[in-house]
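# coords please:
(2 chains)
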Protein chains: 2
Amino acid sequence: MTLDDLTRTTGEWLRGAGPLSEVVVSSRVRLARNLADYPFLSTATAGERTEIYRSLADEIMAAAPSKQMLLIDVDKADAIDRQVLVERHLISRQHAAAEGSRGVTVSPTETSALMINEEDHLRIQTLRSGLQLEPLWQEMHEIDQALGKSLSFAFDRQFGYLTACPTNVGTGIRVSVMLHLPALKLTKEIERVARAAKDLRLAVRGLYGEGTDAVGDLYQISNQTTLGRSEEEIIETFGRNAIPNIVEYENVARDSMARHRPYQLDDKIWRAYGILSNARRISSEETQTLLSPIRMGIHVGRFKEFDIATLNEIFLHTQPAHLQKMHGNTLDDEQRGTVRADYLRRRLAR
Amino acid sequence: MTLDDLTRTTGEWLRGAGPLSEVVVSSRVRLARNLADYPFLSTATAGERTEIYRSLADEIMAAAPSKQMLLIDVDKADAIDRQVLVERHLISRQHAAAEGSRGVTVSPTETSALMINEEDHLRIQTLRSGLQLEPLWQEMHEIDQALGKSLSFAFDRQFGYLTACPTNVGTGIRVSVMLHLPALKLTKEIERVARAAKDLRLAVRGLYGEGTDAVGDLYQISNQTTLGRSEEEIIETFGRNAIPNIVEYENVARDSMARHRPYQLDDKIWRAYGILSNARRISSEETQTLLSPIRMGIHVGRFKEFDIATLNEIFLHTQPAHLQKMHGNTLDDEQRGTVRADYLRRRLAR
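Okay, the predicted model is just below:
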């Protein structure tokens, strides 16, 4: 499998299925690990960095249960390919923008993506649609165990796994979910939710992580500290309480809109559809903003032109790097606007 | 013919044809006359007012060349019917809102509309699509002559025809055209045009006359004084110079947009179409605003889904009174928004 093959599909996490998927687009679990025999990346030499990359890449590919596992040398990848990986949430923006030996391995359906030489030597990420933290944790744990057989990870009896950033020390686990909260946004209750999340020591961020905006009413919520708490505790608090509560709030707000202001809701959905299916030039941000009411419309049963998997495909393929990758050329901002509008009209033609 | 029959059609003036009709939606010529044997309306008693109404209505209907001439007693008409007449530009907003005996006679294709007891005893209006002042003047002159045979109009040797408002004294003629100036609006040159028009002693107003906004980029331009100038002079200055000059400016601005920013133009046109054909609730003002780029698009050959006559029909039928008249019920603001959106979707369905 190649990155080009990936580009044309959507990963499992954009399947639009899984528990509570009417609000939880996807969930992700991440583990940070560092090789005991090498210094943290902040002090590693370029040579050490390359050695770390090679040995981790070799081990991961060797331990992979599937022959379809994809290894991407991010350092050698061109800008569009790196951006494709960011848009698919397989690597962080920081990993794309960094320099030196680094990479990522991606499983065939993209349920796992292992970043090598991001902030830590290794970040094992598992990613699925809907709220399914246990299977994610299970998959991640198996990968961690398999790699742990041949690799020695930096571990401290008192602190647990050692990581580059103190907030990850301990279990090194970070859980995050991408939530679609259009009704809470519309009713302005989103701020109350954000405050409540902060009280629970959860971080609320935009679509592409730290410092990004919540375009398209999509929010990433994650735990902030890992020290002194077990994996089970973290997954329990997060997956059984915090997130289902927010989902419940959002669903109540949606029901209220559908019951009390159905025309207003339909109007919002259909105007968005009207613009997306007729524009001759449209930005990525506007596309995502307009897909938001349609996404909600599909889930509340008021929009039946296409399903959520199709919407997610459109959502992914209209982003700048995917658009250029599919078009086969580098495009400037203005050209992308036109090509994106053409793509949308083709996909949305009735 | 009844007012209900009228409602379902569009008058000649919305046919979208005639000279320079790519910019000049319609032109109108108006003559003010007062019966010599009665005082101006400002001092007339209710009884005199009724007498004026009856004698003028009788004379007009008797002199009418067509049996299809429609006489509407505006005082007895209900609010929606009065508003229908305003939306068709057959009576002024003032005439609709006034009290006491008053009315209007309308010719079958609405090329003439004679208001009785508006500001003056009689206002003869002729109305056609495009810029065709001579035929309008001719038709108006014939009506004036025919009525002058049996009626005695207030006339002064020095001043000419006497009118309620001094600005109409003299020939009593008022010429006005409705211009569609979206490109000059977009390029902000419209303000320069308005200043130039003022220098020529022309008045620039919105769609429904004095004190109204230029919704949908539609402007009414009219001469401001009639004293001391002949009909021919007024029509000459206005129809051969001032208006064709503005049309030329607008066409240059349109050409420049179509040549230098075709995608931007198409995008504006098609987004408007997308919203109009998908909204579930829409106001009259937004409808007119969105019809503007489509109107321009048809004329510059970039929009071919329907023709200008259809656009004008939609333009007329989506206005509040027409909408209610066709729907058969009085509707509140919110209901109108929904009914209007339903109508638009039916009409614009591909």
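
# all strands in the stretch 151-300 of chain A, in order from the N-terminus.
For the stretch 151-300 of chain A, the strands defined by DSSP state E, counting those that start in this stretch occupy A:155-156, A:160-161, A:173-180, A:202-205, A:218-223.

# Turn those strands into CSV, columns for mean neighbour count and distance to A:R281.
The C-beta positions use only the backbone N, C-alpha and C, and glycine is treated the same way. Shown next, in CSV, are the strands of the stretch 151-300 of chain A (neighbours: other CB atoms under 10 Å in any protein chain shown; distance: least, CB to CB, whole Å):
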stretch, mean neighbour count, distance to A:R281
strand A:155-156, 12, 54
strand A:160-161, 19, 49
strand A:173-180, 23, 26
strand A:202-205, 19, 29
strand A:218-223, 22, 23
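
# can you list those in TSV and add distance to chain B and mean pLDDT?
What follows is the strands of the stretch 151-300 of chain A, written out as TSV (distance: least, CB to the nearest CB, whole Å; pLDDT from 0 to 100):
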stretch	distance to chain B	mean pLDDT
strand A:155-156	58	89
strand A:160-161	52	84
strand A:173-180	22	92
strand A:202-205	31	86
strand A:218-223	23	91
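
# Make CSV from those strands and add distance to A:Y53 to it.
Below are the strands of the stretch 151-300 of chain A laid out as CSV (distance: least, CB to CB, whole Å):
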stretch, distance to A:Y53
strand A:155-156, 21
strand A:160-161, 20
strand A:173-180, 22
strand A:202-205, 28
strand A:218-223, 26
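
# List just the one of those that sits closest to B:I243.
Each of the strands of the stretch 151-300 of chain A was scored for nearness to B:I243 using CB to CB, and the closest is strand A:218-223 (52.9 Å).

# Sheet partners, orientation included, of that closest one?
Partners of strand A:218-223 in the sheet, by DSSP bridges, are strand A:173-180 (antiparallel), strand A:202-205 (antiparallel).

# Kindly state which of those is positioned closest to B:P65.
Here strand A:173-180 is closest among the strands paired with strand A:218-223 (CB to CB), at 67.4 Å.

# can I get the CA coordinates of that closest one in PDB?
What follows is strand A:173-180, C-alpha atoms only, in PDB (Å, rounded to 0.1, in the frame of the first residue of the first chain):
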ATOM      1  CA  ILE A 173      -1.500   7.700  27.900                       C
ATOM      2  CA  ARG A 174      -3.500  10.500  26.300                       C
ATOM      3  CA  VAL A 175      -7.100   9.900  25.300                       C
ATOM      4  CA  SER A 176      -8.900  12.300  23.000                       C
ATOM      5  CA  VAL A 177     -12.200  12.400  21.100                       C
ATOM      6  CA  MET A 178     -13.400  14.600  18.300                       C
ATOM      7  CA  LEU A 179     -16.900  15.900  19.100                       C
ATOM      8  CA  HIS A 180     -19.300  17.500  16.700                       C
END
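
# mind listing what's buried in the host helix or strand of A:R345?
Here A:R345, judged by DSSP states H and E, is contained in helix A:333-348. Within helix A:333-348, the residues scored as buried using 16 or more other CB atoms under 10 Å in any protein chain shown are A:335-341, A:343-345, A:347-348.

# packing partners for that helix?
With contacts taken as 3 or more CB pairs under 8 Å, 6 or more residues apart in numbering or on different chains; DSSP states H and E, helix A:333-348 sits against helix A:262-276, helix A:284-299, helix A:308-317, helix A:320-327.

# just the angle between it and helix B:262-276, please?
40 degrees (axes from the mean of the first three to the mean of the last three CA atoms, to 10 degrees).

# between helix A:333-348 and helix A:308-317, what angle do the directions make?
Using the same axes, to 10 degrees, helix A:333-348 lies at 170 degrees relative to helix A:308-317.

# what's helix A:333-348 in contact with?
With contact meaning CB atoms under 8 Å, 6 or more residues apart in numbering or on different chains, helix A:333-348 is reached by A:273, A:276-284, A:287, A:305-306, A:310, A:314, A:317-318, A:320, A:323-324, A:326-327, A:331, B:263, B:267.

# And the helices in the stretch 51-200 of chain A?
Taking DSSP state H, counting those that start in this stretch, the helices of the stretch 51-200 of chain A run over residues A:79-87, A:93-97, A:133-150, A:182-186, A:190-199.

# Dump these to CSV, plus mean neighbour count and mean pLDDT.
Putting those into CSV (neighbours: other CB atoms under 10 Å in any protein chain shown; pLDDT from 0 to 100) gives the following:
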stretch, mean neighbour count, mean pLDDT
helix A:79-87, 21, 96
helix A:93-97, 16, 96
helix A:133-150, 17, 93
helix A:182-186, 23, 93
helix A:190-199, 15, 87
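
# Tell me which of these lies nearest to chain B.
helix A:182-186 (15.8 Å; CB to the nearest CB).

# Contact residues of chain A facing chain B?
Applying CB under 8 Å from any CB of the partner chain, one finds that chain A approaches chain B through A:263-264, A:266-267, A:270-271, A:273-282, A:338, A:341.

# The helices and strands packed on helix A:333-348 into a markdown table, with extra columns for distance to A:G170?
Formatted as a markdown table, the helices and strands packed on helix A:333-348 follow (distance: least, CB to CB, whole Å):
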| stretch | distance to A:G170 |
| --- | --- |
| helix A:262-276 | 43 |
| helix A:284-299 | 35 |
| helix A:308-317 | 34 |
| helix A:320-327 | 35 |
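
# Residue ranges of each domain in chain A, please.
If you go by automatic domain parsing, the domain ranges for chain A are A:3-254, A:261-348.

# Of the ones you listed, which shows the lowest average pLDDT?
Lowest mean pLDDT within these: domain A:3-254, at a mean of 90.

# which residue packs closest to the residue nearest the centre of chain A, ignoring adjacent ones?
When chain A is reduced to its mean C-alpha position, the nearest residue by CA atoms, centre = their mean turns out to be A:H89, at 3.9 Å. Leaving aside its sequence neighbours, A:H89 sits nearest to A:L127 (CB to CB, 6 or more residues apart in numbering or on different chains; 6.5 Å).

# Surely the one you found and A:R30 touch.
No. Using CB atoms under 8 Å, A:L127 is not in contact with A:R30, being 9.1 Å away.

# higher neighbour count, the two?
A:L127 (28 against 22; other CB atoms under 10 Å in any protein chain shown).

# how about the strands of the stretch 1-150 of chain A, start to end?
A:24-33, A:70-73, A:103-106, A:112-116, A:122-129.

# Pull the first one out as CSV, backbone CA atoms only.
Once side chains and other backbone atoms are set aside, the C-alpha atoms of strand A:24-33 remain, and they are given as CSV (Å, rounded to 0.1, in the frame of the first residue of the first chain):
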residue,chain,number,x,y,z
VAL,A,24,-18.4,11.5,18.7
VAL,A,25,-16.8,11.6,15.2
SER,A,26,-13.8,9.6,16.4
SER,A,27,-11.7,8.7,19.4
ARG,A,28,-8.0,8.3,19.8
VAL,A,29,-5.7,6.9,22.4
ARG,A,30,-2.0,7.7,22.4
LEU,A,31,0.9,6.3,24.3
ALA,A,32,4.3,8.0,24.6
ARG,A,33,7.4,5.8,24.8
